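Asker: Kindly return the folded structure for what I paste below:
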Amino acid sequence: MSPVKTSDRVRHPLSVSENLAVGSIAGALETCVQMPVLTYKFCLQEGRALPISPAGWYRGVAVQAGTVAPITALQFMINGFLQKLVLRGETRNLSDAEVMSTSAGAGAISAIVYSPVDLTTIQQQKLSLNPHQTIKHVMEQYGVGGLLRGFTACAWRESIYTAGYLGLSPVVTNHLNEIDKFEERPLAANIIGACLAGTAAALVTHPIDTVKTMVQADIESREYTSTRVAAQKLYKNEGFQAFFRGVVPRTVRTCGAFFICTTVRELAIDTKTDLIASGGWSLNESTQKV
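Answerer: Residues are numbered from 1 along each chain as shown. Here you go, the predicted structure:
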């Protein structure tokens, strides 16, 4: 496993197609590995019994992976594009602030796709329709604005979340690898970096995600006319703890996702860099550090 490195060698950035491929692999792998954690979270939130068979813990894994993989790929691609814009052709390492800001920007932009996906999933479960029928129903009844309901909350959630796994996680791991005790323990540095970033991101985004779900479920605006109103009513009716329902399994899942996605991305970058150095890969783009 390749750790995040701070050596002086030039690390070659992934191209658009490479980012899409690596992001898809990371997203699908993360979902398949952690499906039991997701199942536990769903059971906890819905108040239903836990599965009694191994197959039950993995029920729905194909749908989950099919949803997560393209979103992760999109965030990888946008992040790589924003990093190239920041570097402007320079051959240097991005600063920690630049890594964090570009990844946060990638998450916010991805909400243009992610928010309608979330809303469609929620409304599909309520209406018992297939995805196509659900989108058609929402468009006919509420227009494009209906599909984008809850967009602001989703953009904040994804901005923080993506800044965690594409920004904070590799940044923390990078600094840990500079400490003597982690010099020969890259796996430990990766795990600690992912857990610190994952826990922080999960705790910050969970209340946002809870309110976003409430707003998108009430697409008719019968009870929640805005994200602010939904947050106020939730606090008034159920208290502060209601914002963190299901936070423990989500935090576990987030830490695992950060570890897997960070590791897959860094391994891909290091592999490409090593192949270019050995002449096993034709260099057809600039040699910028990432």
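
Asker: only C-alpha atoms for contact and neighbour calcs from this point on.
Answerer: OK.

Asker: Distance from the chain centre to the helix or strand that contains residue 132, please.
Answerer: Element membership for residue 132 (DSSP states H and E) is helix 131-147. Mean C-alpha position of helix 131-147 versus that of the full chain (C-alpha atoms, centre = their mean, to the nearest Å) differs by 25 Å.

Asker: and the angle for the helix or strand following it with helix 131-147?
Answerer: Using DSSP H and E, the helix or strand that follows helix 131-147 towards the C-terminus is helix 151-163. Put simply, helix 151-163 runs at 100 degrees to helix 131-147, going by axes from the mean of the first three to the mean of the last three C-alpha atoms, to 10 degrees.

Asker: Remind me what helix 151-163 packs against, helices and strands.
Answerer: Secondary-structure packing of helix 151-163 (3 or more C-alpha pairs under 8 Å, 6 or more residues apart in numbering; DSSP states H and E): helix 96-127, helix 186-217.

Asker: where are the low-confidence patches of the stretch 101-250 of the chain?
Answerer: By pLDDT under 70, the low-scoring segments of the stretch 101-250 of the chain are 125.

Asker: Checking the closest residue to residue 66 other than its chain neighbours next. Helix, strand or coil?
Answerer: Nearest residue to residue 66 in three dimensions, chain neighbours excluded: residue 28, at 7.2 Å (C-alpha to C-alpha, 6 or more residues apart in numbering). What DSSP: H, G, I helix; E, B strand; the rest coil gives for residue 28 is helix.

Asker: count of residues packed around residue 28?
Answerer: Neighbour count of residue 28, defined by other C-alpha atoms under 10 Å: 23.

Asker: Let me see the confidence value for it.
Answerer: For residue 28, the pLDDT comes out at 93.

Asker: who's in contact with residue 74?
Answerer: Listed by C-alpha atoms under 8 Å, 6 or more residues apart in numbering, the contact partners of residue 74 are 20, 23, 110.

Asker: Could I get the contacting residues of the second one?
Answerer: Remark: with contacts taken as C-alpha under 8 Å, 6+ apart, residue 23 is in contact with 69, 70, 72, 73, 74, 75, 76, 77, 261, 265.

Asker: now do residue 109
Answerer: 78, 155.

Asker: The one 10 residues further on too?
Answerer: Contacts of residue 119 were listed using C-alpha under 8 Å, 6+ apart, and they are 147, 148, 149, 213, 216, 217.

Asker: Can you get me a residue count around the residue nearest to the third one when sequence neighbours are not counted?
Answerer: With sequence-adjacent residues excluded and distances taken as C-alpha to C-alpha, 6+ apart, residue 149 is closest to residue 216, at 6.1 Å. A total of 27 residues lie near residue 216 under the criterion other C-alpha under 10 Å.

Asker: now residue 216: how far from residue 232?
Answerer: Counting by C-alpha to C-alpha, to the nearest Å, the gap from residue 216 to residue 232 is 16 Å.

Asker: again with residue 129
Answerer: 31 Å.

Asker: Can you give the distance of the helix or strand where residue 82 lies from its chain's centre?
Answerer: Residue 82 is located in helix 61-87, with elements delineated by DSSP H and E. Centroid displacement of helix 61-87 relative to its chain, using C-alpha atoms, centre = their mean, is 8 Å.

Asker: picking up where we left off before, I'd like to know which of the contacts of residue 119 are buried.
Answerer: Among these, the ones that count as buried by 16 or more other C-alpha atoms under 10 Å are 147, 148, 149, 213, 216, 217.

Asker: Just the closest of those residues to residue 254, please.
Answerer: The shortest approach to residue 254 among the buried ones among the contacts of residue 119 belongs to residue 213, at 17.9 Å (C-alpha to C-alpha).

Asker: Please name the residues that touch that closest one.
Answerer: Going by C-alpha under 8 Å, 6+ apart, residue 213 touches 119, 122, 150.
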